[in-house]
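1. model the following, please.
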Amino acid sequence: MGNATRYACRARFVFLAAMGLSIAPALGQTAQEILGHTGADREKFLLAGAEREGEVVLYSAMIVNQAVRPLAEAFQKKYPKVKVNYWRGDANEIPRRIMAEVQARNVVADVVEGTSTGVTLAKAGALQPFLSPRIDEYEPIHRDPNHLWAVTRLSYYCASINTNMVSSADAPKTYEDLLDSKWKGKLSWRVGVDNGPPLFITNLRLAWGEDRAKAYLEKLAGQAMVNFAAGSARTLVDRVVAGEYPIALNIFCHHPLISAAKGAPVASQLMDPMVSTAGNVVIPKGIRHPFSAMLFIDYLLSEDGQKILAAAEYYPAHPKVRALDYIAAATPGVAGMRENFVRPEEEVKAGERSAELFEEIFRR
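-> Okay, the predicted model is just below:
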């Protein structure tokens, strides 16, 4: 028995145990059994059910014209009898909408994809586990042993620099460089989100240990950090481009690079270690179209689905699919930096304490 087969059998056992289901063949087809079906007839099984359902509803944080619509069109071309309906929301909107649907027992979304939505929904107990053989193609570190999420894309975080205001020679190259007095009042970060200051703090706590990280944060607080709460992560990069802020911290690395490729005076400044998180696909409890949901997830996790995300200027998570050259430069492997991958469950566990430290140190 090969490693992949052993992993699949173990995953199946854990899944069934988690759902309280027997390993013996089931007589009916409950949603849990559909979401956990891994037989050799999987695609045929899912497609037959999906064609009866006729649609799948996707909630996603990805940009519609760049990623969501091309993904939906490619899926529908392959499976023309299964319509993809989608709604785009940000990392805060999607969990609120899902929780409202779960509480009303009227769940519209079948599949949810986002950078931090899965963390929030898992914490609220609003997700159900699922299996896909595609997951075996991904790096072990990017797999969830509880089967509540599957990685779709990776996010790398760094600083965004306005190159008209900060020269390459002057730009802070390390976290310690941020403590230079010349940056006082000039460092901004996006507050009110888990992947803002809490993730910045979690990175340092995991990399350096509690004492060193807290001592550093106490010094950083003396830099009169600018707390940006007026929009998305993309909006903050746009403010850096406009010259409102010379430097923004814990920005998605690809955002400045995309703008720079279009001629904007902005750059991504990487610091070691680089923190990364996973964009995830999850399934809420109480969905209406389980066959279509799993058929869509299989496609999203396939190399074909991942190539669509790559073309949309995201960092695909599939090991065999490469990001576009002009954003691949901001990945730890290409840049020669250490990567500190924070798993979704660690975002919750460590993020709570990091959020407390942010309030304690930076809000006093």
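
2. right, and the helix or strand after the lowest-mean-pLDDT helix or strand in the chain?
-> The weakest-scoring helix or strand in the chain, judged by mean pLDDT, DSSP states H and E, is helix 3-19 (a mean of 48). The C-terminal neighbour of helix 3-19 among helices and strands, as given by DSSP states H and E, is helix 31-35.

3. what comes into contact with the next helix-or-strand element following that next one?
-> Once helix 31-35 ends, the next helix or strand along the chain (criterion: DSSP H and E) is helix 42-53. The contact list for helix 42-53, computed with Cβ atoms under 8 Å, 6 or more residues apart in numbering, reads 29, 34, 37, 39, 56, 79, 81-82, 133, 288-292, 294-295, 298. To be clear about C-beta, it is placed using only N, CA and C from the backbone, and glycine gets the same treatment.

4. let's see that with 10 Å instead.
-> 29, 34, 37-39, 41, 56, 78-83, 110, 131-133, 288-299 (Cβ atoms under 10 Å, 6 or more residues apart in numbering).

5. tell me the buried residues in stretch 264-271?
-> Judged by neighbour count using 16 or more other Cβ atoms under 10 Å, the buried positions of stretch 264-271 are 264, 265, 266, 267, 268, 269, 270, 271.

6. the first one belongs to a helix?
-> To tie it back to what came earlier, the one meant is residue 264. No: Residue 264 is assigned coil when assessed by DSSP: H, G, I helix; E, B strand; the rest coil, not a helix.

7. quick check: it vs residue 315, distance?
-> As judged by Cβ to Cβ, to the nearest Å, residue 264 and residue 315 stand 20 Å apart.

8. quick one: mean pLDDT for the longest helix out of those in the chain?
-> Looking across the chain with DSSP state H, the single longest helix is helix 344-362. Confidence for helix 344-362, expressed as mean pLDDT, is 91.

9. roughly how far is that helix from the heart of the chain?
-> Here the centre of helix 344-362 is set off from its chain's centre by 18 Å, with Cα atoms, centre = their mean, to the nearest Å.

10. buried residues in it?
-> Quick answer for helix 344-362 (16+ other Cβ under 10 Å): 344, 345, 347, 350, 351, 354, 355, 357, 358, 361, 362.

11. then stretch 333-341?
-> Of the residues in stretch 333-341, 335, 337, 339, 340, 341 count as buried by neighbour count, 16+ other Cβ under 10 Å.

12. end to end, how far does it reach?
-> Using Cα to Cα, to the nearest Å, the end-to-end distance of stretch 333-341 comes out at 13 Å.

13. could I have the host helix or strand of residue 248 exported to PDB, CA atoms only?
-> Using DSSP H and E, residue 248 maps to strand 247-252. Extracted C-alpha coordinates of strand 247-252, given in PDB (Å, rounded to 0.1, in the frame of the first residue of the first chain):
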ATOM      1  CA  ILE A 247       5.000  52.400   4.500                       C
ATOM      2  CA  ALA A 248       2.300  49.800   5.300                       C
ATOM      3  CA  LEU A 249       3.000  46.600   7.200                       C
ATOM      4  CA  ASN A 250       1.600  43.100   6.800                       C
ATOM      5  CA  ILE A 251       0.300  43.700   3.300                       C
ATOM      6  CA  PHE A 252      -0.400  40.900   0.900                       C
END
